[in-house]
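Student: turn this into a structure:
(one chain, ligands or ions: 1)
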Amino acid sequence: MPTIIDGKEVAAQVLAECAQEIVELKSQGITPGLAVVLVGEDPASRVYVSSKVKKCAELGLHSEKIVLSKEATQEEVLAVVERLNLDPAIHGILVQSPPPPQIDEEAIVRAINPAKDVDGFHPENVAKLALEDSSGFVPCTPAGCMRLLAAAGVETSGKEAIVVGRSMIVGKPMALLLVAKGSDATVTIAHSRTKNLAEVCRRADIVVAAVGIPNFIKAEHIKDGAVVIDVGINRVEDASRKSGYRLCGDVAFEAVADKTHAITPVPGGVGPMTIAMLIKNTIKAAR
Ligand code: GUN
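Tutor: Residues are numbered from 1 along each chain as shown. Coordinates of the predicted model:
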């Protein structure tokens, strides 16, 4: 039977560490502050933004939620970022992705003060990750995946790892973390143009799925005894649910789980880790 890696439990451990640090900082008169900016009405983004703000409140962090309409202009979003860059009560700034099409997301990310870029998306923080300079911010989702691997006691050194997906939010930073000194995996980054994906994936001891396609990774992609980290949070229609949908990963869990040594579920795997690592980054920013 595979180990089901419990993201809720590991996230609770991370948040317990954070709670201690927050008490310490507050005793020095510092309350870490996070600003979350939502542009538009993407239903998933609304849920993510609300849960981020709620978690801040639970932990006694200062937070600010700024919601702009789906017609907001680039100048309006930039003005919000500028104001937050200058606000001493705000240590971390996050602009939820993806914004509506009229917004140039890259320009928004570049406008964020890198010292407040708790998403780790600013070029300065991307460079620091590549340079293995720990003074930067590591993107929350891949940082959470690394923490899950550690919590599950997965040895990465010398292992073959494959990251399926090359996004700047997950795929590329995940590959950099896995290959970094201390982790020392041998890393392949696969994507939509990769030939013989199943064959390439079957070489891997560790598979990280971050493609955003429900049930994309199947049994044929997985070597017996591999460790599988499923980053996908896809909404699929489900008339039997009150909401009309259910969440489904990038991995066909039922078909894959029995082949694995360990696997993350969806929901309850990587998802809870992302918020926990965001809180951790916000505390780092406040320090
Ligand atoms: N959209 C999906 N994941 C993320 C994330 O980690 N940060 C931001 N800003 N947007 C996202």
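Student: before we move on, what SS does Ala72 have?
Tutor: Assigned by DSSP: H, G, I helix; E, B strand; the rest coil, the conformation of Ala72 is coil.
Student: where exactly do the strands run in the stretch 1-150 of the chain?
Tutor: Using DSSP state E, counting those that start in this stretch, the strands of the stretch 1-150 of the chain run over 3-4, 33-39, 62-68, 92-95.
Student: residues of this protein that sit close to the ligand?
Tutor: Residues of the chain lying close to the ligand by CB under 6 Å from any ligand atom are Leu94, Val95, Gln96, Ser97, Asp119, Cys140, Thr141, Ile169, Thr274. (C-beta placed from N, C-alpha, C; glycine too.)
Student: residue contacts, the third one?
Tutor: In other words, Gln96. Contacts for Gln96 (CB atoms under 8 Å, 6 or more residues apart in numbering) come out as Val36, Val37, Leu38, Val39, Asp42, Ser45, Tyr48, Val49.
Student: show me which of the residues you listed is closest to Thr260.
Tutor: Minimum distance to Thr260 across the contacts of Gln96 is 27.2 Å, recorded for Tyr48 (CB to CB).
Student: which one is the closest one nearest to, not counting chain neighbours?
Tutor: In space, and not counting its chain neighbours, Tyr48 is closest to Gln96: 6.4 Å by CB to CB, 6 or more residues apart in numbering.
Student: nearest to the ligand, of the residues of the chain next to the ligand?
Tutor: Nearest to the ligand out of the residues of the chain next to the ligand is Ser97 (CB to the nearest ligand atom; 3.5 Å).
Student: let's see the pLDDT reported for the residue nearest to Tyr48.
Tutor: Looking at Gln96, its pLDDT reads 98.
Student: cool, the one 10 residues further on as well?
Tutor: For Glu106, the model assigns a pLDDT of 98.
Student: for burial, what's the neighbour tally of it?
Tutor: 11 (other CB atoms under 10 Å).
Student: still on that earlier bit, inside helices: which ones of the residues of the chain next to the ligand?
Tutor: Applying DSSP state H to those, the entries found in helices are Cys140, Thr141, Thr274.
Student: wait, the last one sits on Pro139?
Tutor: No. Between Thr274 and Pro139 there is no contact under CB atoms under 8 Å: 9.2 Å.
Student: state the distance from Pro214 to the ligand.
Tutor: 16 Å (CB to the nearest ligand atom, to the nearest Å).
Student: cool, Ser50 as well?
Tutor: Counting by CB to the nearest ligand atom, the gap from Ser50 to the ligand is 13 Å.
Student: which ones are touching that residue?
Tutor: Lys65.
Student: can you pull up the most central residue in the chain?
Tutor: Closest to where the C-alpha atoms of the chain average out (CA atoms, centre = their mean) is Thr141, at 1.7 Å.
Student: show me the longest helix that occurs in this structure.
Tutor: Assigned via DSSP H, the chain shows its longest helix as helix 7-27.
Student: so what does it touch, helix or strand wise?
Tutor: When contacts are defined as 3 or more CB pairs under 8 Å, 6 or more residues apart in numbering; DSSP states H and E, helix 7-27 packs onto helix 43-59, helix 140-151, helix 270-286.
Student: what number of residues lie near Ile93?
Tutor: What Ile93 shows, counting by other CB under 10 Å, is a neighbour count of 28.
Student: that one and Leu59, how far apart?
Tutor: For Ile93, the distance to Leu59 (CB to CB, to the nearest Å) stands at 18 Å.
Student: spatially nearest residue to Gly249 (excluding sequence neighbours)?
Tutor: Closest residue to Gly249 apart from its sequence neighbours, by CB to CB, 6+ apart: Val266 at 3.3 Å.
Student: ah, wrong one, I meant Ala210
Tutor: Gly165 (3.5 Å).
Student: okay but that neighbour is in contact with Thr188, surely?
Tutor: No. If you go by CB under 8 Å, Gly165 and Thr188 don't touch, sitting 11.8 Å apart.
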